[in-house]
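Peer 1: What shape does this take:
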Amino acid sequence: MTQFDPGSTALVLVDFQDRIVALPTTPFTGPEVAANAVRLRDAFSDSGTPIVIIQVQRPGSEESPVIPELKPRAGEKLVIKTAIGGFYNTDLHAHLRDAGVRTVVFGGIATEFGVESTLRAAADHGYDVVAVSDAMTGLSDIAHESSTTKIFPRLGTVLTTAETLAALG
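Peer 2: Reported below is the predicted structural model:
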């Protein structure tokens, strides 16, 4: 069974913003995955695990705030990205490295875009990666399924929210 060490694990939640959560997603709705992300954030926060909220702000686009229930709390890191992935041209890697993180647990929207890009970069940076399959959703069933059943298992571990919470202890 997977177990997480709160001292070397971080939770990274990607693009939980008003306009993105409202998109027609599948196999889960934006509000469904947001509810699972909130459960994860509360449990990881209670364990003292670093929390990172990633918000996309493309140059020239209208700002879309993080949904109220996932706005960064005191001590949580907000990363503003301008590209698809959360590592490119941000301080995400430095923040995780300085916090002693070795394992990064991911949720977000959309599975095949911001989540996958950021998860792949985390693996490239040498982190152990965990994809929480029901704390993310895609723009199509086949894209979400491909990421969670074909790509992510080759890069790390895929768990459900319940399995992730159990592994946190």
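Peer 1: Now the lengthiest helix in the chain: buried residues?
Peer 2: Assignment by DSSP state H gives helix 30-46 as the longest helix of the chain. Residues 30, 33-41, 43-44 are the ones in helix 30-46 that count as buried (16 or more other CB atoms under 10 Å). Where C-beta positions appear, they are placed from N, C-alpha and C, glycine not excepted.
Peer 1: ok, now stretch 71-86?
Peer 2: Judged by neighbour count (16+ other CB under 10 Å), stretch 71-86 contains these buried residues: 72, 76-77, 79, 81, 84-86.
Peer 1: Can you classify the residue lying farthest from the centre of the chain by secondary structure?
Peer 2: Relative to the centre of the chain, the most outlying C-alpha is that of residue 60, 24.5 Å out, by CA atoms, centre = their mean. With DSSP: H, G, I helix; E, B strand; the rest coil as the basis, residue 60 sits in coil.
Peer 1: Tell me how far it lies from residue 85.
Peer 2: To residue 85, residue 60 is 19 Å away according to CB to CB, to the nearest Å.
Peer 1: cool, and residue 57?
Peer 2: Computed as CB to CB, the residue 57 to residue 85 distance reads 14 Å.
Peer 1: With residue 122 instead?
Peer 2: 9 Å.
Peer 1: What of residue 53?
Peer 2: Taken as CB to CB, the span from residue 53 to residue 85 is 15 Å.
Peer 1: which one of the buried residues of stretch 71-86 sits closest to residue 111?
Peer 2: Comparing the buried residues of stretch 71-86 against residue 111 with CB to CB places residue 84 closest, at 12.4 Å.
Peer 1: list the contacts for residue 66?
Peer 2: Contacts for residue 66 (CB atoms under 8 Å, 6 or more residues apart in numbering) come out as 16-18, 53, 55, 72, 78.
Peer 1: 10 Å instead?
Peer 2: By CB atoms under 10 Å, 6 or more residues apart in numbering, the residues touching residue 66 are 13, 15-18, 20-21, 53-55, 72, 78.
Peer 1: Take the buried residues of stretch 71-86 and lay them out in JSON lines including distance to residue 115, pLDDT and secondary structure.
Peer 2: Shown next, in JSON lines, are the buried residues of stretch 71-86 (distance: CB to CB, whole Å; pLDDT from 0 to 100; DSSP: H, G, I helix; E, B strand; the rest coil):
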{"residue": "72", "distance to residue 115": "18", "pLDDT": "97", "secondary structure": "coil"}
{"residue": "76", "distance to residue 115": "18", "pLDDT": "97", "secondary structure": "coil"}
{"residue": "77", "distance to residue 115": "17", "pLDDT": "98", "secondary structure": "strand"}
{"residue": "79", "distance to residue 115": "14", "pLDDT": "98", "secondary structure": "strand"}
{"residue": "81", "distance to residue 115": "12", "pLDDT": "97", "secondary structure": "strand"}
{"residue": "84", "distance to residue 115": "10", "pLDDT": "95", "secondary structure": "coil"}
{"residue": "85", "distance to residue 115": "9", "pLDDT": "97", "secondary structure": "coil"}
{"residue": "86", "distance to residue 115": "9", "pLDDT": "98", "secondary structure": "coil"}
